[in-house]
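> The following comprises the amino acid sequence and a computationally predicted model.
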Amino acid sequence: QLQLVESGGGLVQPGGSLRLSCAASGFTLDDYCIGWFRQAPGKEREGVSRIRASGGSTKYADSVKGRFTISRDNAKNTVYLQMNSLKPEDTAIYYCAASRFRLCVLAGSFDYWGQGTQVTVSS
């Protein structure tokens with residue numbers, strides 16, 4: 001069974017950090033392009049970052065550039081999203097997704113999705 005599971009969300013103060021994890025089972029994450037997305041209440045889903053297959057390039061939304069970093073740990077079959085200097089506007093449910101198209105873009109379609117993890121940035 002192909003599955004993605006996110007973890008690492010929580011409540012953090014503005015300026016704080018969190019690291020989200022996206023663990024895969026049933027397939028090898030490094031063979032897929034992985035994207036992180038978020039959706040805040042009342043807003044459309046937003047593409048945050050992506051990392052292409054086999055150590056490929058990374059891309060970030062302008063709203064998180066310089067603050068978030070996406071990375072892979074192939075030994076753990078996991079992709080991470082390190083989030084620093086968090087702002088209240090980063091509050092959302094964060095999802096990871098996998099695309100079989102190795103050169104995916106955030107605006108494209110993704111084949112597998114996790115259930116999401118809540119990130120709340122508040123004092």
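Alright, I've got the coordinates.
> What helix or strand is the residue nearest in space to the middle of the chain located in?
Most central in the chain under CA atoms, centre = their mean is W36, positioned 2.6 Å from the mean C-alpha point. Per DSSP states H and E: W36 is located in strand 33-39.
> same check, this time on L4
L4 belongs to strand 3-7, assigned by DSSP H and E.
> can you give me the angle that strand makes with strand 33-39?
Calculated by axes from the mean of the first three to the mean of the last three CA atoms, to 10 degrees, strand 3-7 forms an angle of 50 degrees with strand 33-39.
> Now do the buried residues in strand 3-7.
Across strand 3-7, burial judged by 16 or more other CB atoms under 10 Å covers L4, E6. The way it works is simple: take the backbone N, C-alpha and C, and place the C-beta from them, glycine included.
> What of stretch 84-98?
For stretch 84-98, the neighbour count (16+ other CB under 10 Å) marks L86, D90, T91, A92, I93, Y94, Y95, C96, A97, A98 as buried.
> repeat for stretch 109-121
Buried residues in stretch 109-121, counted by 16+ other CB under 10 Å: F110, Y112, G114, G116, T117, V119, V121.
> swap in stretch 25-36?
Residues of stretch 25-36 classed as buried by neighbour count (16+ other CB under 10 Å): F27, L29, D30, Y32, C33, I34, G35, W36.
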